[in-house]
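Student: Got a predicted structure plus its sequence, pasted below:
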Amino acid sequence: MGRTLSEKVWDAHVVRHADGEPDLLYIDLHLVHEVTSPQAFDGLRLAGRPVRRPDLTIATEDHNVPTLDVDKPIADPVSRTQVDTLRKNAEEFGIRIHTLGDPDQGVVHVIGPQLGLTQPGMTVVCGDSHTSTHGAFGAIAFGIGTSEVEHVLATQTLMQARPKTMAVTVDGVLPDGVSAKDLVLALIAKVGTGGGQGYIVEYRGDAIRALSMEARMTICNMSIEWGAKAGMIAPDETTFAYLRDKPHAPQGVDWEAAVEYWKSLATDEDATFDREVVLRAEDIAPFVTWGTNPGQGVPLSEKVPSPDDFDNDNDKRAAERALEYMGLTAGTPMREIHVDTVFLGSCTNGRIEDLRAAAGVLAGRKVAEGTRMLVVPGSGRVRLQAEAEGLDRIFTDAGAEWRGAGCSMCLGMNPDQLAPGERSASTSNRNFEGRQGKGGRTHLVSPLVAAATAVTGTLAAPADLPPVDVAVPENV
Amino acid sequence: MEAFTQHIGTAAPLRRSNVDTDQIIPAVYLKRVTRTGFEDGLFAAWRNDPEFVLNQPEYGGVSVLVAGPEFGTGSSREHAVWALLDYGFRVVVSSRFGDIFRGNSGKAGLLAALVTQDVVERLWTTIEADPGTKVTVDLEHKTISAGDVSAPFEIDDYTRYRLLNGLDDVGITLSHEADIAAYEATRPSFKPATLPAKA
Ligand code: SF4
């Protein structure tokens, strides 16, 4: 019988299989950042163990680095200690590290792909749940805990039980102004935040094939938000074209061999999935969340739901609590919700294409009075490229703040936080209570909606804005 | 991890039940970036109380903790086990442990010995009568003895095997080193490496 994409990649990495035991899987790439690694390195030191494959490991600082004054010492002592500790550990164990100020510093899930280190058919892990991002290349990629980080550092392997397989098929063509973020938010609202538990998901269908690599990463990034172990998309010409000129892409005959292998990874026609979900691209509209988990979302054109709209008691209670925390009244049109802060960035939507999309909306327009907008590129390189394309000027001319690279307000570990009661439209992936700052209220949105919202000061799509007459730079 | 076959040491009676991991080590002590040094957070809420058992001079240098039921329930923090180990404990005895705590103990090399509450009571009486009493914990035979008390304890076979052989998760995987090396030899040359760095 045929095999699925994930089964092929899994099988190719089994170092040891014993019945009744988890498989011992080989790890091709281990990404390391400052928050989840210190105890792992210390564990190695205590046991007198080296890092087995420094050449398959790469570190960067992202979770709690500042995005302003990056050339000055980090003010917060806990953050500074974590960053310093990572630098020392990288040096001691011989690991490549990209520190603040380096073009390849940035959100760990942005730099793997931009360096061409994330490739099809690989296994990729990191002590961070959004490692699923790398699945966009047809890799099995998932987040791990600190003891597992130590395990991978020491052995380059992980013990893993084989997950079940699921297909999410999106047929048709996404309407104009509807992006990957809208698609994945609509999917999560449909299947629920636990819908993917125990599965590696393969996203497929015409609408997925038509997406750029950046957009595919946005989709795979959010896999964890509906509980999936990992999300994957079969590699194709779009993938190969993206990788071709990346620094660590295979060269010469290696490239030919690699592409031939990558092409063989697609799910066989006679393969079966344990579960299948089907969506029609035409049904998807700009989508925003109203609640405190990523599954609590509605199309932008709808109203804040009422707890009575839900059938089961759990959902009712969750909706009640969410409305209270979010300070929202059932029945309010989503478009009437005022937003204090717009955050454009994160490993979900902090790549160059996301910045271009938002800049395209902001060109010739202004951020509304009473609203602030933070633009945080996913990496130093994204920042440089955006500046080369003049996007930074569009943002600053519109009144937005142009910042250094990092996770920033995605999780508010650095000074970029919401104040209690402050409301954001955020292109990140989690709208949990307090995620962006204690008492902060988060609406998850796409970059297009983020930009339009910044202009109106209330949740909005670009189509809601009156036209402007400006010359928009190429690419935008 | 050090192999654990038999341990002999003095013990402290912790006459409290439901000591959860927040009480073993409060969250404020979790910010450290090391795997060691957590002893200062151990039982932090009680450490300033001169009456607290670990503050009694006769219980200095103890390595066995005889605790009330429901020890180590609550949050999954591995730091609770590290704090006990850092303080110098090698064995915790109780009639009921939190599941995650028990699992974490086995992984880090702390023996969590499950006995009946009756045994706990008899150990308490013996230790309190003479805090210098040596407690012998024999993992091979799964017995604990102190003074006149001698009793079996329970521990699952796999954890016992790991402790007897001093195997942590990494150690177990490294026992398959030959398989890992064999796999590495078959990796195609087009797979990327982070070193040397290319820009
Ligand atoms: S950008 Fe946000 S989700 Fe992504 S790695 Fe950073 S904190 Fe995690």
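Tutor: All right, it came through fine. Numbering: from 1, shown residues only, chains lettered A, B, ... in the order given.
Student: which residue ranges form the strands in the stretch 351-476 of chain A?
Tutor: Along the stretch 351-476 of chain A, the segments classed as strands by DSSP state E, counting those that start in this stretch run A:372-375, A:401-402, A:423-426, A:441-444.
Student: how about the CA coordinates for the third one, as PDB?
Tutor: To tie it back to what came earlier, the one meant is strand A:423-426. Coordinates of each C-alpha in strand A:423-426 appear next as PDB, following Å, rounded to 0.1, in the frame of the first residue of the first chain:
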ATOM      1  CA  ARG A 423      -6.700  45.700  22.800                       C
ATOM      2  CA  SER A 424      -4.600  44.500  19.900                       C
ATOM      3  CA  ALA A 425      -5.000  43.300  16.400                       C
ATOM      4  CA  SER A 426      -2.100  40.900  16.100                       C
END
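Student: quick check, it touching the ligand?
Tutor: No: using C-beta under 6 Å from any ligand atom, no contact is recorded between strand A:423-426 and the ligand, whose separation bottoms out at 10.0 Å. Every residue, glycine included, has its C-beta placed from N, CA and C.
Student: would TSV of the strands of the stretch 351-476 of chain A with mean pLDDT be doable?
Tutor: Shown next, in TSV, are the strands of the stretch 351-476 of chain A (pLDDT from 0 to 100):
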stretch	mean pLDDT
strand A:372-375	98
strand A:401-402	98
strand A:423-426	98
strand A:441-444	98
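Student: Export these to JSON lines and append columns for mean neighbour count.
Tutor: As requested, these are arranged in JSON lines below (neighbours: other C-beta atoms under 10 Å in any protein chain shown):
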{"stretch": "strand A:372-375", "mean neighbour count": "24"}
{"stretch": "strand A:401-402", "mean neighbour count": "18"}
{"stretch": "strand A:423-426", "mean neighbour count": "27"}
{"stretch": "strand A:441-444", "mean neighbour count": "28"}
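Student: for those, which one sits closest to A:Ala210?
Tutor: Comparison of the strands of the stretch 351-476 of chain A against A:Ala210 by C-beta to C-beta identifies strand A:441-444 as nearest, at 22.8 Å.
Student: pLDDT weak spots in chain B?
Tutor: By pLDDT under 70, chain B contains no weakly predicted segment.
Student: quick one: the helices in it?
Tutor: If you assign secondary structure with DSSP state H, the helices in chain B sit at B:21-24, B:79-87, B:99-108, B:117-129, B:157-165, B:169-174, B:177-185.
Student: which one of those helices is the most hemmed in?
Tutor: Greatest average neighbour count among the helices of chain B goes to helix B:79-87 (a mean of 24), per mean count of other C-beta atoms under 10 Å in any protein chain shown.
Student: Give me the helices and strands touching it, please.
Tutor: The criterion is 3 or more C-beta pairs under 8 Å, 6 or more residues apart in numbering or on different chains; DSSP states H and E, and the helices and strands that helix B:79-87 contacts are helix B:21-24, helix B:99-108.
Student: Minimum distance to chain A: which of those helices has it?
Tutor: Ranking those by proximity to chain A (C-beta to the nearest C-beta) places helix B:99-108 first, at 7.4 Å.
Student: Centre of the chain to the closest one, how far?
Tutor: A distance of 7 Å separates the C-alpha centroid of helix B:99-108 from that of its chain, computed with C-alpha atoms, centre = their mean, to the nearest Å.
Student: Could you quantify the relative orientation of it and helix B:79-87 as an angle?
Tutor: Here helix B:99-108 runs at 50 degrees with respect to helix B:79-87, directions being taken by axes from the mean of the first three to the mean of the last three C-alpha atoms, to 10 degrees.
Student: So what does A:Val298 have for phi and psi?
Tutor: Taking degrees, to the nearest 10, you get phi -140, psi 160 for the backbone angles of A:Val298.
Student: pretty sure it is touching A:Lys190, no?
Tutor: No: taking C-beta atoms under 8 Å as the contact criterion, A:Val298 and A:Lys190 are not neighbours in contact, 11.5 Å apart.
Student: of these two, who's got more company?
Tutor: The neighbour count for A:Val298 versus A:Lys190, taken as other C-beta atoms under 10 Å in any protein chain shown, is higher for A:Val298 (20 against 14).
Student: which residues touch the more buried one?
Tutor: Applying C-beta atoms under 8 Å, 6 or more residues apart in numbering or on different chains, we find A:Val298 in contact with A:189, A:287-288, A:290, A:304-305, A:334.
Student: ok, now A:Leu68?
Tutor: A:403-404, A:415.
Student: same question, A:Trp262
Tutor: Applying C-beta under 8 Å, 6+ apart, we find A:Trp262 in contact with A:119-121, A:138, A:235, A:239-240.
Student: if you set the cut-off to 10 Å instead, what comes out?
Tutor: Listed by C-beta atoms under 10 Å, 6 or more residues apart in numbering or on different chains, the contact partners of A:Trp262 are A:119-121, A:137-138, A:234-236, A:239-240, A:243, A:250, B:190.
Student: Point out the residues in the stretch 301-450 of chain A that sit beside the ligand.
Tutor: A:346-347, A:407, A:410-411, A:428-429.
Student: Out of those, which sit inside helices?
Tutor: Judged by DSSP H, these include A:346-347 as members of helices.
Student: Now distance to chain B too, for the residues of the stretch 301-450 of chain A next to the ligand, in a markdown table please.
Tutor: As requested, these are arranged in a markdown table below (distance: C-beta to the nearest C-beta, whole Å):
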| residue | distance to chain B |
| --- | --- |
| A:Ser346 | 23 |
| A:Cys347 | 19 |
| A:Cys407 | 18 |
| A:Cys410 | 21 |
| A:Leu411 | 16 |
| A:Ser428 | 24 |
| A:Asn429 | 23 |
